[in-house]
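below is the sequence, then the predicted model.
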Amino acid sequence: MSNLVLYRKYRPLNFRSVVNQEHIKTTLSNAVANNRVGHAYLFTGPRGVGKTTLARIFARAINCTSRKEGSEPCNECENCKAFMQANSLDLLEIDAASHTGVDNIRELIDHLQFAPTKAAYKVIIVDEVHMLSKGAFNALLKTLEEPPKHAVFILATTEIHKVPATIISRTQRFDFKKVGIADLSKLLKFVAEDNQIKITNGALMEIAAAADGSFRDGLSLLDQVINYADGEITEELAENVLGLTGIKTVASFLDLIIENKTAAAVNFISSLMYSGRDLYQFEKDFLEYLRKILLVKVGTTTDFGFMADLQEKLNLQAQGLTLQRLTAIIQIFQKAEGEIKWAVVQSLPLELAAVEATEELGNNPTQPPLIVRGGETAGATPPLDTRGGTSAEASAGELSKIISSWPQILEKIKDYNHSLISSLKLAQPAAIEGKELVLIFTYKFHKDAIEARKNRIVVDQVIEEVTGLKLITKPVLQKEWKGDVPEALGSDVAANNNTVESALKIFGGEVENSN
């Protein structure tokens, strides 16, 4: 084996050997073949998907003196060799993360004043271009507007939203995609066979899934496993070395949830913790797996690049869950994901989620949660509540407390976020569903304002401070609400809604209404 790390050893040297990104390869190849080279290109996409690799191939192709097949660099002529060895005066690669200032860009611009020494074009590759300062972007902008005829810029970034629109508009933009698990598995298998490494298909898939669509990450992970392994690389070995949560692991955990095995599910989490697994990563992997189950359930896609046995397992689990219960499980574990980072006992949010998903959902998977609307109980025989009376009576009491305390809640909100008042004044506390407080809104933009996570957290916190009730706000449009609305706030809210409608008539606005 070469001393080079795998992702450098197997870096593609021509357009044809680049895996995926077909739309980009074709466009760049045609530009070379037809001699229609632009002055500025912008490559954007996730890390490790081939942005810098294609930039270097393109730089060699437009300067190659002996192209193959019309557009492929020969990698043997003087220009190609100089570009590959990074000792050509006509190629300049800059890492914007460490060269962020305006002076760095001015040096680059000065460099462009001179004609190429041997190549047809001077190529400037700026990696992580979003890291440039405002002054550096301004200096670069002028050159992009009126570049020398012999200059070609290739800008690469993983965060396109940080690149000014003025820069983007002066470039040809190419969006790189993440590579699929199946394609990445094939590449990893080729690399392993080329290095005479025995590895199971399960291990290849685990590494490909952990790479999250990145060629470089996939090859780096494979390199790490190869350095550790003595003999065949198995799925279990890959998981242990890399600290991964395998697909089979999350699938086994979901089996326990589906079968309502509370004790086994909690023990499963404990065993992960004591074996040194990253529970936060497990939580993310489990949510991603649930997402795939959801996609299968609603019929959007069924091909995730898994091996046949795992794909069949996923399909069977999707069949074993109702859509209602599946979405409830996802919501439960999404909530745990938000709590696990800050928990004193890291496993506790996951363990509570497992209990809730098996005990509360599992014992009554089809019956909707008890709902109290407008102070009336739903259901003939509500279960007993430990606070005294029935849970329906307790919820009705809580709703009454919320309604009576609403003016104080609005006043308290001002201390945190004064802009929320205009939307919250038009809200009507309508029901308590489990631990969720339903707020009814006539207009969608008011609902959306409160539904934003940072705003909802403020509302939940103020409600708890004023009433002592720990509830989660659930904004709902009036047209989507089937229940009654309490009369206590009805007249005030109606008056506010009339005011909004009057304002809209005066100013000619339009809002999505519930009708």
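Here it is on my side, so go on.

pLDDT (mean, whole number) over stretch 415-425?
Averaging pLDDT along stretch 415-425 yields 77.

for that stretch, measure first residue to last.
15 Å (C-alpha to C-alpha, to the nearest Å).

what's next to that stretch, contact-wise?
409-410, 413-414, 441, 445-446, 449-450, 455, 458-459, 461-462, 492-493, 496 (C-beta atoms under 8 Å, 6 or more residues apart in numbering). Just so you know, the C-beta spots here come from the backbone N, C-alpha and C atoms, and that holds for glycine as well.

quick one: buried residues of that stretch?
420, 423, 424, 425 (16 or more other C-beta atoms under 10 Å).

repeat for stretch 96-109
Neighbour count says stretch 96-109 has 96, 99, 100, 102, 104, 105, 108, 109 buried, by 16+ other C-beta under 10 Å.

what of stretch 463-470?
Result for stretch 463-470 [16+ other C-beta under 10 Å]: buried residues 463, 466, 467, 469.

out of the residues you listed, give me the two with the largest separation.
466 and 469 (8.8 Å; C-beta to C-beta).

in which helix or strand would I find residue 294?
Using DSSP states H and E, residue 294 sits within helix 279-298.

helix or strand right after that helix?
helix 308-319.

contact partners of that following helix?
Contacts for helix 308-319 (C-beta under 8 Å, 6+ apart): 205, 247-248, 251, 254-255, 258, 289, 292-293, 296-297, 302-304, 306, 326.

narrow the residues you listed to those that are buried.
Here, 16+ other C-beta under 10 Å leaves 205, 247-248, 251, 254-255, 258, 289, 292-293, 296-297, 304, 306, 326 buried among the contacts of helix 308-319.

tell me the one of the residues you listed nearest residue 405?
Closest to residue 405, out of all of those and judged by C-beta to C-beta, is residue 326, at 35.8 Å.

for the closest one, what are its contacts?
290, 293, 294, 297, 318.

could you redo the last one with a cut-off of 6 Å?
Contacts for residue 326 (C-beta atoms under 6 Å, 6 or more residues apart in numbering) come out as residue 297.

swap in residue 355?
Residue 355 touches residue 262, counting by C-beta under 6 Å, 6+ apart.

for the helix or strand that contains residue 439, which residues meet the burial criterion?
According to DSSP H and E, residue 439 maps onto strand 436-441. For strand 436-441, a neighbour-count test (16+ other C-beta under 10 Å) marks 437, 438, 439, 440, 441 as buried.

got those residues as CSV, with distance to residue 341 columns?
Formatted as CSV, the buried residues of strand 436-441 follow (distance: C-beta to C-beta, whole Å):
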residue, distance to residue 341
437, 25
438, 28
439, 28
440, 33
441, 31
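
what is the nearest of those residues to residue 82?
Closest to residue 82, out of all of the buried residues of strand 436-441 and judged by C-beta to C-beta, is residue 441, at 65.0 Å.

leaving aside the residues adjacent along the chain, what's closest to the closest one?
Distance criterion C-beta to C-beta, 6 or more residues apart in numbering; nearest residue to residue 441, sequence neighbours excluded, is residue 447 at 4.0 Å.

over to residue 462?
Leaving aside its sequence neighbours, residue 462 sits nearest to residue 412 (C-beta to C-beta, 6+ apart; 4.8 Å).

run through the stretch 1-150 of the chain and note the low-pLDDT ranges.
1-3 (pLDDT under 70).

pLDDT at residue 502, what is it?
45.

ditto for residue 493
44.

what of residue 156?
94.

how about the host helix or strand of it: buried residues?
Secondary structure from DSSP H and E places residue 156 in strand 151-157. For strand 151-157, burial by neighbour count (16+ other C-beta under 10 Å) applies to 151, 152, 153, 154, 155, 156, 157.

which helices and strands sit right next to that strand?
Using 3 or more C-beta pairs under 6 Å, 6 or more residues apart in numbering; DSSP states H and E, the elements in contact with strand 151-157 are strand 40-44, strand 122-127.

can I get the last one in PDB, CA atoms only?
Spelled out, it's strand 122-127. Presented in PDB, the C-alpha positions along strand 122-127 are these (Å, rounded to 0.1, in the frame of the first residue of the first chain):
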ATOM      1  CA  LYS A 122      -3.900  31.700 -14.900                       C
ATOM      2  CA  VAL A 123      -6.200  29.700 -12.600                       C
ATOM      3  CA  ILE A 124      -7.100  31.000  -9.100                       C
ATOM      4  CA  ILE A 125      -8.800  28.400  -6.800                       C
ATOM      5  CA  VAL A 126     -10.200  30.000  -3.600                       C
ATOM      6  CA  ASP A 127     -11.300  27.300  -1.200                       C
END
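
okay, the angle between that strand and strand 40-44?
With axes from the mean of the first three to the mean of the last three C-alpha atoms, to 10 degrees defining the directions, strand 122-127 sits at 20 degrees from strand 40-44.

in strand 122-127, what's buried?
122, 123, 124, 125, 126, 127.

and which of those is nearest to residue 187?
residue 127 (22.6 Å).

returning to what we had before: list the helices and strands the helix or strand containing the residue nearest to residue 441 packs on?
Using DSSP H and E, residue 447 sits in helix 444-451. The contact analysis (3+ C-beta pairs under 6 Å, 6+ apart) places helix 444-451 against helix 421-424, strand 472-477.

what average pLDDT does it get?
pLDDT averaged over helix 444-451 gives 81.

can you show me the helices along the stretch 151-300 of the chain?
Using DSSP state H, counting those that start in this stretch, the helices of the stretch 151-300 of the chain run over residues 165-168, 181-194, 201-210, 215-228, 235-242, 247-258, 262-274, 279-298.

pretty sure residue 429 sits against residue 404.
No: at 10.1 Å, residue 429 does not count as touching residue 404 under the criterion of C-beta atoms under 6 Å.

which one's more surrounded, the two?
residue 429 (26 against 11; other C-beta atoms under 10 Å).

before we move on, back to that, turn the buried residues of stretch 96-109 into CSV, columns for secondary structure and distance to residue 172.
Output for the buried residues of stretch 96-109, formatted as CSV (DSSP: H, G, I helix; E, B strand; the rest coil; distance: C-beta to C-beta, whole Å):
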residue, secondary structure, distance to residue 172
96, coil, 19
99, coil, 23
100, coil, 24
102, helix, 25
104, helix, 24
105, helix, 20
108, helix, 20
109, helix, 20
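
looking at those, which is nearest residue 210?
residue 96 (28.1 Å).

can you give me the buried ones in the helix or strand where residue 408 lies?
Assigned by DSSP H and E, residue 408 belongs to helix 406-413. Applying a neighbour-count criterion of 16+ other C-beta under 10 Å, one finds 406, 409, 410, 412, 413 buried in helix 406-413.

JSON lines for the residues you listed, including distance to residue 113?
Putting the buried residues of helix 406-413 into JSON lines (distance: C-beta to C-beta, whole Å) gives the following:
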{"residue": "406", "distance to residue 113": "69"}
{"residue": "409", "distance to residue 113": "66"}
{"residue": "410", "distance to residue 113": "64"}
{"residue": "412", "distance to residue 113": "63"}
{"residue": "413", "distance to residue 113": "60"}
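
before we move on, back to that, show me what the helix holding residue 408 is packed up against.
Short answer (3+ C-beta pairs under 6 Å, 6+ apart): helix 406-413 packs on helix 453-467.

distance between the helix it packs on and the chain's centre?
Counting by C-alpha atoms, centre = their mean, to the nearest Å, helix 453-467 is centred 26 Å from the centre of its parent chain.

elements contacting it?
helix 406-413, strand 472-477.

one more time with 8 Å, if that's ok
Under the contact definition 3 or more C-beta pairs under 8 Å, 6 or more residues apart in numbering; DSSP states H and E, helix 453-467 sits against helix 391-404, helix 406-413, helix 444-451, strand 472-477.
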